[in-house]
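Peer 1: need the 3D shape of this:
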Amino acid sequence: MSEQDDILAATSARLANAFRRIEATAMADVPILNRKLSVQCVGMSVFGQESLCGLITPWFINLVLLPMAISVPMRTGAKIRIALPGGIFEFIQSHHDELGAYRMCSLLSPVFEFDTQEDAVTVAQEILTKVLAPQVEAETEDADMLAIWEGRFPEPESVEPEGTPLLELDDGPKLLTRRAMFGRRSAEEAVS
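Peer 2: Numbers count the residues shown, from 1 in each chain. Model (predicted):
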């Protein structure tokens, strides 16, 4: 095992232990806990000057970025957009006495749809794979998403010439949720 592997393993253990304590204290009586799940770090790796992983808890699955340096100033509660190979993701900066400063990107919460820890691990691994895989059309898609996050809307695509048949749409717009985006629920289920 290399020194970097040792550091990642220690970081993973420190993160999991901190969230186990949070589960046992602050989250102990909160009704959104899925007791079939336990705290687990998935796929801890180096991303730039930070460690990146999926964090499974009985109340969420999130991406977590932890600085490799011990002391990195961050404004707690501030939102920051971070470009990962798979796109731009919004993280919330936080601080915990045992962890120091870190960033989290909410993916799934609550997590009642998981019947086993293995299912949650599989989903976390799939998400990490997508997040770390470069997008085919990353520049255009990321620019459009960034514009939407900033309250600007991308330019509409060209209108079809006259005489082109229009597709009939169903009963209205569907809400796209993170769960639907990652294949956990369809857009129709998300609306109901």
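Peer 1: next secondary structure element downstream of the helix or strand hosting Ile22?
Peer 2: For Ile22, the enclosing helix or strand under DSSP states H and E is helix 3-24. Downstream of helix 3-24, the next assigned helix or strand under DSSP H and E is strand 40-47.
Peer 1: got the angle for that following strand vs helix 3-24?
Peer 2: In terms of direction (axes from the mean of the first three to the mean of the last three Cα atoms, to 10 degrees), strand 40-47 departs from helix 3-24 by 140 degrees.
Peer 1: just to revisit the earlier point, quick check: which helices or strands does the helix holding Ile22 pack against?
Peer 2: Helix 3-24 sits against strand 40-47, strand 50-56, strand 61-67, with contacts defined as 3 or more Cβ pairs under 8 Å, 6 or more residues apart in numbering; DSSP states H and E. C-beta here means a position set from N, CA and C on the backbone, and glycine is covered the same way.
Peer 1: ok, which of the ones you listed comes nearest Asp29?
Peer 2: With Cβ to Cβ, the closest approach to Asp29 among those belongs to strand 50-56: 20.3 Å.
Peer 1: the closest one relative to helix 3-24, how many degrees between them?
Peer 2: Strand 50-56 and helix 3-24 are oriented at 40 degrees to each other (the same axes, to 10 degrees).
Peer 1: hmm, who's touching strand 50-56?
Peer 2: With contact meaning Cβ atoms under 8 Å, 6 or more residues apart in numbering, strand 50-56 is reached by 7-8, 11-12, 15-16, 19, 37-46, 61-68, 84, 103-104, 107, 111, 117, 120-121, 124-125, 127-128, 132.
Peer 1: now these: which count as buried?
Peer 2: Buried members of the contacts of strand 50-56, scored by 16 or more other Cβ atoms under 10 Å, are 8, 11-12, 15-16, 19, 37, 39-44, 61-67, 84, 103-104, 107, 111, 120-121, 124, 127-128.
Peer 1: I appreciate the help and will end here.
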